[in-house]
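Enquirer: only geometry, no sequence info:
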């Protein structure tokens, strides 16, 4: 039996399992915790790995936990290096089918390169939870 989840005007065919992670040395996790809690409060299953995770650790947790999508948060400016490394680590661990979205202090000029590297959505400070939920829905239900 598959459970569905309705969040606002969006209906998921099953309850999404989301991994939220903080790659690298960035210790500022307020935004990641906010998104994790908001997605959990909306009815999603959320796993938060905490701060200072390696791309390999994030990928291993995502595969082990059988998540549907990975969300990365970074404020240190190392997104161009670390986000693609998470995508590559997922591929090397059999998780190539797990989509990855990113958030944090990310200049608009970096969006295209991140998308080419496999990041399916990018959210910056001030992004609304409703928009994040809609984007996750679009990614998972397409």
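Expert: Noted; the coordinates are in hand. Remember, predicted model here, so these are calculated numbers, not experimental data.
Enquirer: show me where pLDDT drops low in the chain?
Expert: 1-2 (pLDDT under 70).
Enquirer: tell me which residues form a beta bridge with the residue nearest in space to the middle of it?
Expert: By CA atoms, centre = their mean, the chain has its centre lying nearest to residue 71, at 1.1 Å. Beta-bridge partners recorded for residue 71 (DSSP bridges): residue 20, residue 101.
Enquirer: what distance do you get for it to residue 34?
Expert: 12 Å (CB to CB, to the nearest Å). Yep, even glycine has a C-beta here, placed from its N, CA and C like the rest.
Enquirer: what does residue 83 give?
Expert: Applying CB to CB to residue 83 and residue 34 gives a distance of 19 Å.
Enquirer: these two: which is more packed in?
Expert: Counted by other CB atoms under 10 Å, residue 83 and residue 34 do not tie: residue 83 has more neighbours, with 27 against 13.
Enquirer: residues touching that one, list them.
Expert: 23, 72, 74, 100, 102, 114, 117, 119 (CB atoms under 8 Å, 6 or more residues apart in numbering).
Enquirer: that one sits in which helix or strand?
Expert: helix 79-92 (DSSP states H and E).
Enquirer: buried set for that helix?
Expert: In terms of neighbour count (16 or more other CB atoms under 10 Å), helix 79-92 has its buried residues at 79, 82, 83, 84, 85, 86, 87, 88, 89, 90.
Enquirer: not counting sequence-adjacent ones, nearest residue to the last one?
Expert: Spatial nearest neighbour of residue 90, excluding adjacent residues (CB to CB, 6 or more residues apart in numbering): residue 59 at 4.6 Å.
Enquirer: again, but for the fifth one
Expert: Ranked by CB to CB, 6+ apart and with sequence neighbours excluded, the top spatial neighbour of residue 85 is residue 55, at 3.9 Å.
Enquirer: before I go, just wanted to say thanks for your time.
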